[in-house]
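Visitor: A structural model of the following input is requested.
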Amino acid sequence: MIRKALAATALLAATPLAAQSTTQDELDARYDRALAAGYKALMLCSAISSAENARQNRTAQSVLEWELAGIQQPLAGLVSELPYEIHRRADGERVMHVEVEWAQDMPPRIARSFGAGCTLGPIGIAIPEDETSADYQPPKFRERDRRYPTDTLPRNVQDGAFGDAYGPGTRTTAVLISKEGRPLFARFAEGFDEDTPQRTWSVAKSIAATYLGALVNRGDLDMHDSAGLGLNSDDPRRAITFDHLLRMASGRYSDTAGNRTDPTYFGGATVAERAAHWPLLHPPGSVFRYANNDTLMAVERAVFHKSSFLPEQLLGKLRMSDTIPEKDWGAALLARPSQWTDEVDIQSMLDAMAKRPSRDYSGGYILSSQVWSSPKDLARLGQLYLDGGVGPDGSRILPAGWDEYVSSPSGPQPDGPFGYGAGFWLFNKSDGVPSDTFAAMGNRGQYVVIVPSLNVVIVRRGEDPSGSRFDIAAFTRDVLESLEK
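Guide: Residues are numbered from 1 along each chain as shown. Modelled structure (predicted):
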């Protein structure tokens, strides 16, 4: 490790009593450093681990230049200065953990890999010395020689997508377009291809909606059932349904615009700690308030109280083999509750979760944002909706009409250029785009645009800097116009 945890404990104990009080500004600055370190540890661990799971080459330098560049303040000003180490298993086969230094009197932030994807430990947790190497170089996989059509999109449109035409400062890593289930166009930034996983951010919410649809099809879930929030049957939050949660209409309070969930995403807090107990502020179904916590609780309640069918099983049916839904650190405790630091096989974790743990279990999927997926896999997600919910093997995965359900603006609507369905955004206000178009959208420029009337899926991946926005409506319009010529 960068430092021994014991040394940190000794240093803390030796701190003079007079120095053990602090101001709010000092607390906030310290917390920001802890979050920045968690952000860096998780991004390095997840990007490299998910890439190697897909037999892709990703280096730490690549992650620093893409995922860790242009992030939001105040983290952006801190991340670059925090030292890190990547530890691999002694045989060098895969990443074990990433640690990032942030304070002299605390252990480094730790992101731990459990075979595929990573889990971020809480602030202050330490991992003992193990048989890993911080110097081992990542494995090198053979470069793939794949050819996709590159002349089916006008040069000005594709160059614009990889330049500034659809937003100053935007950074596109991939564009993949399919029509009638066949690849029509693809182009990638250097170091990326159709199999390179990137964090989906809020595209994960659409994966969550798809997962709930699969449970409905299995008969495990009714979207108009209570999600079981609140302490007991007298709690008014029991009126919140799964439908309310997917439509961002729970009526619960959110502490920040967009309901930033930094304590869970980068602080290592569990889903149950941060997402479950927000108070009711409006009648359920009456007000739109975009909230990560609503999606988190929809999935948590479905996984642990409604069905033994897990998100990984859905992804397997869709052949989305490069897609990894990550979990909070409590999920590892379930498989090996005595010690988070032990090596845990991913299958043992899934087997344990499938036993439907009791209601006091705190582990959970972060299926509002923390999913890693490739362009090819996201195109498969879009194709599922074009195929009416029928999977690649011909079996029904989603109930008939689920595409209409998720693309219906039946709940309260947001201000702005897009409508909202159930886990998907709607292009029902976009000039030049068919009104039946709907999309999965995520932070930093992640888009999966589904156009049923034209049987087209458009995947755009990026790492757009904070404050920059890729104009996906204009790009969709230009792509569709070019396909009609």
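Visitor: residue boundaries of the strands in the stretch 301-450 of the chain?
Guide: In the stretch 301-450 of the chain, strands defined by DSSP state E, counting those that start in this stretch lie at 324-325, 371-373, 419-420, 425-426, 438-442, 446-451, listed in chain order.
Visitor: before we move on, what about the stretch 51-200 of the chain?
Guide: 84-89, 95-100, 109-113, 118-120, 132-133, 172-179, 182-188, 198-199.
Visitor: What is the distance between the longest one and the centre of its chain?
Guide: Computed by CA atoms, centre = their mean, to the nearest Å, the separation of strand 172-179 from the middle of its chain amounts to 19 Å.
Visitor: For it, the averaged confidence score.
Guide: Confidence for strand 172-179, expressed as mean pLDDT, is 98.
Visitor: Let me have the strands of the stretch 51-200 of the chain in JSON lines, extended by mean neighbour count and distance to Pro154.
Guide: Quick note: C-beta positions are derived from backbone N, CA and C, even for glycine. Formatted as JSON lines, the strands of the stretch 51-200 of the chain follow (neighbours: other CB atoms under 10 Å; distance: least, CB to CB, whole Å):
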{"stretch": "strand 84-89", "mean neighbour count": "21", "distance to Pro154": "42"}
{"stretch": "strand 95-100", "mean neighbour count": "26", "distance to Pro154": "41"}
{"stretch": "strand 109-113", "mean neighbour count": "29", "distance to Pro154": "42"}
{"stretch": "strand 118-120", "mean neighbour count": "29", "distance to Pro154": "40"}
{"stretch": "strand 132-133", "mean neighbour count": "16", "distance to Pro154": "49"}
{"stretch": "strand 172-179", "mean neighbour count": "23", "distance to Pro154": "12"}
{"stretch": "strand 182-188", "mean neighbour count": "18", "distance to Pro154": "10"}
{"stretch": "strand 198-199", "mean neighbour count": "27", "distance to Pro154": "26"}
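Visitor: biggest helix in the chain, by residue count?
Guide: Using DSSP state H, we find that the single longest helix of the chain is helix 24-53.
Visitor: tell me which residues of it are tucked away?
Guide: By neighbour count on 16 or more other CB atoms under 10 Å, the buried set for helix 24-53 is 32-53.
Visitor: what sits against Gly462?
Guide: With contact taken as CB atoms under 8 Å, 6 or more residues apart in numbering, Gly462 is in contact with 170-174, 444-446, 470.
Visitor: rerun that using 6 Å as the cut-off
Guide: Applying CB atoms under 6 Å, 6 or more residues apart in numbering, we find Gly462 in contact with 171-173, 445.
Visitor: Beta-bridge partners for it, please?
Guide: Thr172 (DSSP bridges).
Visitor: Number of residues surrounding Glu484?
Guide: 6 (other CB atoms under 10 Å).
Visitor: sorry, that was for His224
Guide: The number of residues packed near His224 is 9, by other CB under 10 Å.
Visitor: and it, that one's in a helix?
Guide: No - using DSSP: H, G, I helix; E, B strand; the rest coil, the assignment for His224 is coil, not a helix.
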